[in-house]
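1. only geometry, no sequence info:
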């Protein structure tokens, strides 16, 4: 039957990433396409203990309805971690969400009227683009280089486009792995004060650094109170728990609470209590260090294999952290077309075009290095290298 | 600082229910205001075992990202239960959501453009009204009586208002506890086919029947494929898990999956697996029977106390199931004003007005009987009776 959908539905497209994940479920395919953490590093035993302990005894409150804001001790823990990063925050500045993706949805719901312009990096996170698009946003993509977003171009875009908000992933950005420099973080925060534009700082990967020095979040320079900071436990504990958070001023948190009430009442009580229990009793920084060591090793192996095997004419980023790097092919190569051949060769990546809002990036691709073993990385990069060589010569 | 919010934000109001819940957290207050199930009936031990078993061993997949549609065996289990209720459904007709509230949000996102009219019962579930309102819907409230929605008035409203959708809670409705008759269920389904309007059948309480014969869902008469059925594990297992589902045609489920991708990627992997494990190994119908016995007892005690103690001039519903009943005071009584005095007397209810979209029902209130012990119900009803007597004489 035919439904008479709302106008915004015409903007909802099936996620290229998810469609590709379906294709690459065959076990013989080495997939660099997904954005999955390494499941062998999940702290299963500790998570299990945390759930068991929360449900031990007769207290049923972990299974009852709870407040929309989220579990107070968990918000307190997150606020303390934010203060360690130089961000002034208390529990009232935190809203618990079902992963960062819900944070993006709630912010789009709160800010975006049809036709409103959102400034995004070029390229930017596909999932954010899709969410803003579903609220009928328009986009102004701002150029980036190996130091992050171009600040002059950002200021020009703010002046010309009068954007409703800016969306940035300053640290180990999905999809390129690039990190915004300290100087540009300060400069971006200054622009927000000057022009009064809110900025979403999406930081799912900040704790996953394998080289270089940690940088403070843009939010730590946010004297004007314009930065809305997002992060998640998906990369440091496990994504199947669906736990993320928003850090913002109290007034904005109150509005977000209203939006979340109508969206799903609250995030699961049990999962919040169990994750708090896990955080409280586990050596979390030791666990994150183990993830960083292993992902850093995988990044190094991927970069070394690429250096040894990729033909000339191809360039790529060398991220200091995160889960992705970004490959740029010669201009005449269409990586969407090439993907079919790659899958025939039992290797997969994500074509770069969906990370752009303006039909660019046809010759780019994103590779994930966190979810494949060192052996798979070596084999997969060699398969890609053979494919690239065959289409470049 | 001032934010330039989207237009829809002007429609987002703080939930009266939640604000009242805050006031009534004092332990001396007997609250009939919430919509909470009885926590002492939660199957804590069995839920704990289910979580532990899913996390037993080395399989980390319960903590990994998973598909937006939901865990396939859980969808299969739900489809089988729907078939027992006379609804043809397979796993592809099911989408797992974060409680029914998310189902309402996703449907509003998919169907409601600003100004679209949603037909609702008079009165209707506050949480649904708020969600539709946050997408800038208009409302057409349709009269109801003790057999549910008035079918002639419904047909007239469809013809006059050209609604985008109809929202009904046919069984043990929140807030009144009233159930739609079999005849009207058939008649409503016929109207949908005749006028091509989609109907949301919200059925969170259907399994909680304490007297009378079970009735098939409207969806079971849905030859035209117009009914979108919602339910939840919040009332039969526990609400803090946040697990609900949508039953609809495959095409619509695919659109809902797109909407949910942008909203939160997917519902928690672990919680879905654990609830499926619980359902698989537990005597679920025995557990639900225990809930029905206890809630039925509480309903009977509340009705008997009201009969014995409430002054003349007050009427109320006698529901066959669910968690609520509905009190109508003489017309000159404003239950919002009265609430302050009730809270002074350490007893609370929800005023009826927020369940109306047209500023009616000022002399009505909702009472919950599932979340108080028999002793509390007796004391609380006597407190209310004294208060009512004092303002009627």
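-> Noted; the coordinates are in hand. These figures come from a predicted structure and were not determined experimentally. Residues are numbered from 1 along each chain as shown, chains lettered A, B, ... in the order given.
2. And chain A, what are its domain boundaries?
-> Domain assignment of chain A by automatic domain parsing yields the ranges A:13-43+A:286-392, A:45-281.
3. Could you say which of the ones you listed is packed most deeply?
-> domain A:45-281 (a mean of 21; mean count of other C-beta atoms under 10 Å in any protein chain shown). In short, each C-beta sits where N, CA and C put it, glycine included.
4. Spatially central residue in chain A, please.
-> Geometric centre of chain A, nearest residue: residue A:204, 5.0 Å, by C-alpha atoms, centre = their mean.
5. name the element that one belongs to?
-> Assigned by DSSP states H and E, residue A:204 falls within no helix or strand.
6. So the closest residue to it other than its chain neighbours versus residue A:290, what's the distance?
-> Nearest non-adjacent residue to residue A:204, counting by C-beta to C-beta, 6 or more residues apart in numbering or on different chains: residue A:232, 4.9 Å away. Counting by C-beta to C-beta, to the nearest Å, the separation of residue A:232 from residue A:290 is 19 Å.
7. Residue A:5 now?
-> 47 Å.
8. which helices and strands does the helix or strand encompassing residue A:50 pack with?
-> Assigned by DSSP H and E, residue A:50 belongs to helix A:44-55. In terms of contacts (3 or more C-beta pairs under 8 Å, 6 or more residues apart in numbering or on different chains; DSSP states H and E), helix A:44-55 is packed against helix A:269-281, helix B:44-55.
9. Out of these, the one nearest residue B:125 is which?
-> Closest to residue B:125 of the helices and strands packed on helix A:44-55 is helix A:269-281 (C-beta to C-beta; 21.4 Å).
10. how distant is that closest one from the center of its chain?
-> When distances are taken as C-alpha atoms, centre = their mean, to the nearest Å, helix A:269-281 is centred 22 Å away from the chain's centroid.
11. Show me what it packs onto, helices and strands only.
-> helix A:44-55, helix A:72-84, helix B:269-281.
12. Could you export those helices to a markdown table, including columns for distance to residue B:198 and mean pLDDT?
-> Shown next, in a markdown table, are those (distance: least, C-beta to C-beta, whole Å; pLDDT from 0 to 100):
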| stretch | distance to residue B:198 | mean pLDDT |
| --- | --- | --- |
| helix A:44-55 | 39 | 97 |
| helix A:72-84 | 38 | 98 |
| helix B:269-281 | 26 | 98 |
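13. Spit out the contact partners of the residue in the stretch 251-393 of chain A that chain B sits nearest to.
-> Chain B sits closest to residue A:269 of the stretch 251-393 of chain A, with a gap of 3.3 Å, by C-beta to the nearest C-beta. The contact partners of residue A:269, by C-beta atoms under 8 Å, 6 or more residues apart in numbering or on different chains, come to A:61-66, A:71, B:240-242.
14. would you list every one of the helices in chain A?
-> With DSSP state H, the ranges of helices along chain A come out as A:16-23, A:44-55, A:72-84, A:99-111, A:126-134, A:151-161, A:182-195, A:250-264, A:269-281, A:284-309, A:335-344, A:374-392.
15. Mean confidence (pLDDT) on the fifth one, please.
-> Okay, so that is helix A:126-134. In this model, helix A:126-134 carries a mean pLDDT of 95.
16. Remind me what it packs against, helices and strands.
-> Helix A:126-134 packs on helix A:99-111, strand A:117-122, helix B:250-264, going by 3+ C-beta pairs under 8 Å, 6+ apart.
17. How about the contacts made by residue A:130?
-> By C-beta under 8 Å, 6+ apart, the neighbours of residue A:130 are A:12-13, A:15, B:261-262.
18. In those, which has the lowest confidence score?
-> residue A:15 (61).
19. residue furthest from the geometric center of chain A?
-> residue A:58 (38.4 Å).
20. Retrieve the pLDDT associated with that one.
-> 81.
21. Pull the number of nearby residues for the closest residue to it other than its chain neighbours.
-> The shortest distance from residue A:58 to any non-neighbouring residue, by C-beta to C-beta, 6+ apart, is to residue B:44 (7.2 Å). As a burial measure, residue B:44 scores 19 neighbours (other C-beta atoms under 10 Å in any protein chain shown).
22. Verify the stated contact: residue B:44 with residue A:64.
-> No: checked against C-beta atoms under 8 Å, the pair residue B:44 and residue A:64 is beyond contact range at 10.9 Å.
23. still on that earlier bit, ok now the helix holding residue A:50, how far from the chain's centre?
-> 27 Å.
24. what sits up against it?
-> A:62-63, A:237-238, A:241, A:270, A:273-275, A:277-278, A:281-282, A:287, B:44, B:47-48, B:51-52, B:55-56, B:58, B:60, B:63.
25. what's in contact with stretch A:186-201?
-> A:104, A:107, A:111, A:119, A:128, A:149, A:151, A:154-155, A:158-159, A:163-170, A:180, A:217-219, A:221-224, A:226-230, B:1, B:3.
26. no, scratch that, I was asking about stretch A:256-264
-> A:68-69, A:95, A:97-98, A:102, A:105-107, A:109-110, A:246, A:248, A:266, B:9, B:12-15, B:18, B:97-99, B:101-102, B:105, B:127, B:130-131, B:134, B:242, B:263.
27. coming back round to it: same list, the helices and strands packed on helix A:269-281, but as TSV with distance to residue A:199 please.
-> Formatted as TSV, these follow (distance: least, C-beta to C-beta, whole Å):
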stretch	distance to residue A:199
helix A:44-55	33
helix A:72-84	16
helix B:269-281	31
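28. Mind checking those helices for the one nearest to residue B:333?
-> Of all the helices and strands packed on helix A:269-281, helix A:72-84 comes closest under C-beta to C-beta, at 37.4 Å.
29. quick one: is that closest one near chain B?
-> No: Helix A:72-84 is not in contact with chain B by C-beta under 8 Å from any C-beta of the partner chain; minimum separation 12.9 Å.
30. Could you report the separation of residue A:379 from residue A:344?
-> Distance from residue A:379 to residue A:344, by C-beta to C-beta: 15 Å.
31. I meant to write residue A:248 there.
-> Residue A:248 is 47 Å from residue A:344, by C-beta to C-beta.
32. what do you get for residue A:174?
-> In terms of C-beta to C-beta, residue A:174 sits 27 Å off from residue A:344.
33. circling back: put together JSON lines for the domains of chain A, with distance to residue B:36 on each row.
-> Shown next, in JSON lines, are these (distance: least, C-beta to C-beta, whole Å):
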{"stretch": "domain A:13-43+A:286-392", "distance to residue B:36": "32"}
{"stretch": "domain A:45-281", "distance to residue B:36": "6"}
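34. Ok, which of these comes nearest residue B:25?
-> Taking the domains of chain A one by one with C-beta to C-beta, domain A:45-281 is closest: 10.5 Å.
35. quick one on the thing from earlier: JSON lines for the helices of chain A, including distance to residue B:330?
-> Shown next, in JSON lines, are the helices of chain A (distance: least, C-beta to C-beta, whole Å):
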{"stretch": "helix A:16-23", "distance to residue B:330": "58"}
{"stretch": "helix A:44-55", "distance to residue B:330": "48"}
{"stretch": "helix A:72-84", "distance to residue B:330": "42"}
{"stretch": "helix A:99-111", "distance to residue B:330": "41"}
{"stretch": "helix A:126-134", "distance to residue B:330": "48"}
{"stretch": "helix A:151-161", "distance to residue B:330": "59"}
{"stretch": "helix A:182-195", "distance to residue B:330": "57"}
{"stretch": "helix A:250-264", "distance to residue B:330": "33"}
{"stretch": "helix A:269-281", "distance to residue B:330": "40"}
{"stretch": "helix A:284-309", "distance to residue B:330": "60"}
{"stretch": "helix A:335-344", "distance to residue B:330": "70"}
{"stretch": "helix A:374-392", "distance to residue B:330": "75"}
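36. Thank you kindly, that will do.
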